[in-house]
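>>> Can you look at this prediction? I've put the sequence above it.
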Amino acid sequence: MESPADLSEDISVIVHTYSTSVLRFAYSYVKNRSDSEDIAQDVFITYIQKAPPFDHEMQRKAWIMKVTSNKCKDYLKSSWKKRVTSLPENLGYLPKEESILISYVYDLDEKYRIPIHLYYFEGYSVEEIARITGNKSATVASWLFRGRAMLKTMIGDGFCE
Amino acid sequence: MSSNPYKSAVEHLQFDEAFDEQTIALMIDAAQRKKAIQPFRIPKSSWRYIAAAAVIVLLFIAVPLIKDPQNTNEITTAAAMTEAGYEITTAAAMTEAGYETTTVAAMTAAGYETTALTTQSADVYSPGTVIEDGTMYVSSTTSRLEPRSMNELVNVADNIFTGLCVSSEPVFQNDFLYTLSKVQVTAVFKGAFQVGDIVPVIEMGGRTTIGEYRKETTVEIKDFDHYDDSISADTKFVEGMDGYYPLKVDDNVLLFAGDTSGFLNDFTGPLYDSYGDYEGKMYFKNENVYARNTPSNTDQITFDDKSASISLDELKLLIEDSK
């Protein structure tokens, strides 16, 4: 059995490795930093509880991303979320063109925004996004296509050359 | 601006330093406390078995009524139609009679000889890594929650055909190993393919060498990796999902395929995949029957009593009913 010190070290490595992806993925859902941080903590607590075995790191990451997606959906459906209105995030610390770009993407409907985040930030393929979000590949491909078309209308070809 | 301005912008998003060592210790503590007080709940994945059991019980109740409607005072619409000289299939009869059931289940229930089952073989393999005859086999468990029934496959697949795998090669993309195969069509049941067409099919997993796999899949934390450096780089490596493995040359298969063109970055032209990963792929079993192979720790194709199987005649019937 793993000693508490080893467990803590293992978890620490995993949290540091995946926190960037989890936080940003959660943010793309909930569009709020503090909520993203709460969700990320919850994701890692679930990870520690379940301690699922994986043969490959990529499977571990895919599992963590899927759990993040589920937690975000649960959060968005929760009665707490329905009763409160989040303050708009101040992205003033970002260069202007980046904050505009982020706000355009995050204004898109969730079904377009999430595949776009996973595709352009995480570099996942359509099939991988379908696995994480629990949709068909063809559906994800169509959302990606439409999301890109909407962004193109808003900001021209500057989204991704 | 960089070639991926979105990535660059998201990278610049700032978050509080939420994951210092103290926070991690608190998370571990919270997880252990949560684990200790977790109430008993029926696992989500068990509900489908409970639902399946309920359907079976309902079928047991329904079958005598369907088989011998004359034994009851009621007469079903189906029987009435048959008496009136209408030609209807048993499945249609059951549907007409208001029974919610699948065509194949209906055929079986009504006593028709059928091999088409919608159940999956029991997982007789253990997920993980085995080395056999100098080849390392890795099969991982996917997070799939809802297996598709045969009816769903027939409805959802744009192309249903049998074919022979004429080539098969590993392809790496985004740290994943895939297999790109070419399948020569031998019979078409649904869709626009013609006999003799060569259909490119992409699947998860594949066959390569340990060395190539290590080179092409970059993992960030080696500590958690299963790699053993004493295993030589030219050892054969086969990756599958849930005990199912990708196509190899000479495989004779029945495919329920969909268009996934554009999925591979370096492959232009039409590209197809089988629905539900391995579920949309069945192997030739005997004369007229294709079956899903038994999940295995190696890529040997075997079948057991629980293997979902379908004859080509039944398949035609299902397709006809689905129209």
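Okay, I see it. Residues are numbered from 1 along each chain as shown, chains lettered A, B, ... in the order given.
>>> mind checking how far A:Glu128 is from chain B?
7 Å (CB to the nearest CB, to the nearest Å). For glycine as for every other residue, the C-beta is placed from the backbone atoms N, C-alpha and C.
>>> Report pLDDT for the closest residue to that residue other than its chain neighbours.
Leaving aside its sequence neighbours, A:Glu128 sits nearest to B:Asn174 (CB to CB, 6 or more residues apart in numbering or on different chains; 6.5 Å). Per-residue pLDDT puts B:Asn174 at 70.
>>> Same question for B:Glu17.
So B:Glu17 comes in at 56 (pLDDT).
>>> pLDDT (mean, whole number) over the top helix by length along chain A?
Of all the segments assigned as helix in chain A under DSSP state H, the longest by residue count is helix A:4-30. Averaging pLDDT along helix A:4-30 yields 86.
>>> Can you name every helix or strand that that helix contacts?
helix A:33-50, helix A:57-77, helix A:110-120, helix B:21-36 (3 or more CB pairs under 8 Å, 6 or more residues apart in numbering or on different chains; DSSP states H and E).
>>> out of these, nearest to B:Phe60?
Closest of these to B:Phe60 is helix A:57-77, at 36.2 Å (criterion: CB to CB).
>>> And the closest one, how far out from the chain middle?
The chain centre lies 8 Å from the centre of helix A:57-77; the measure is CA atoms, centre = their mean, to the nearest Å.
>>> by contact count, what packs against it?
helix A:4-30, helix A:33-50, helix A:110-120, helix A:126-133.
>>> and the angle for that helix with helix A:110-120?
Orientation check (axes from the mean of the first three to the mean of the last three CA atoms, to 10 degrees): helix A:57-77 against helix A:110-120 gives 160 degrees.
>>> and the angle for helix A:57-77 with helix A:33-50?
130 degrees.
>>> CA-only coordinates of helix A:57-77, as PDB, when you get a sec.
Taking C-alpha atoms only, helix A:57-77 is exported to PDB below (Å, rounded to 0.1, in the frame of the first residue of the first chain):
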ATOM      1  CA  GLU A  57      -0.700   9.200 -19.300                       C
ATOM      2  CA  MET A  58      -2.900  10.200 -22.200                       C
ATOM      3  CA  GLN A  59      -5.700   8.000 -20.700                       C
ATOM      4  CA  ARG A  60      -5.200   9.700 -17.400                       C
ATOM      5  CA  LYS A  61      -5.500  13.100 -19.000                       C
ATOM      6  CA  ALA A  62      -8.600  12.100 -21.000                       C
ATOM      7  CA  TRP A  63     -10.200  10.800 -17.800                       C
ATOM      8  CA  ILE A  64      -9.400  14.000 -16.000                       C
ATOM      9  CA  MET A  65     -10.800  16.100 -18.800                       C
ATOM     10  CA  LYS A  66     -14.000  14.000 -19.000                       C
ATOM     11  CA  VAL A  67     -14.500  14.400 -15.300                       C
ATOM     12  CA  THR A  68     -13.900  18.100 -15.600                       C
ATOM     13  CA  SER A  69     -16.500  18.300 -18.300                       C
ATOM     14  CA  ASN A  70     -19.000  16.400 -16.200                       C
ATOM     15  CA  LYS A  71     -18.400  18.600 -13.100                       C
ATOM     16  CA  CYS A  72     -18.800  21.800 -15.100                       C
ATOM     17  CA  LYS A  73     -22.100  20.500 -16.600                       C
ATOM     18  CA  ASP A  74     -23.300  19.600 -13.100                       C
ATOM     19  CA  TYR A  75     -22.200  23.000 -11.800                       C
ATOM     20  CA  LEU A  76     -24.000  24.800 -14.600                       C
ATOM     21  CA  LYS A  77     -27.200  22.800 -14.000                       C
END
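>>> Noted, bye for now.
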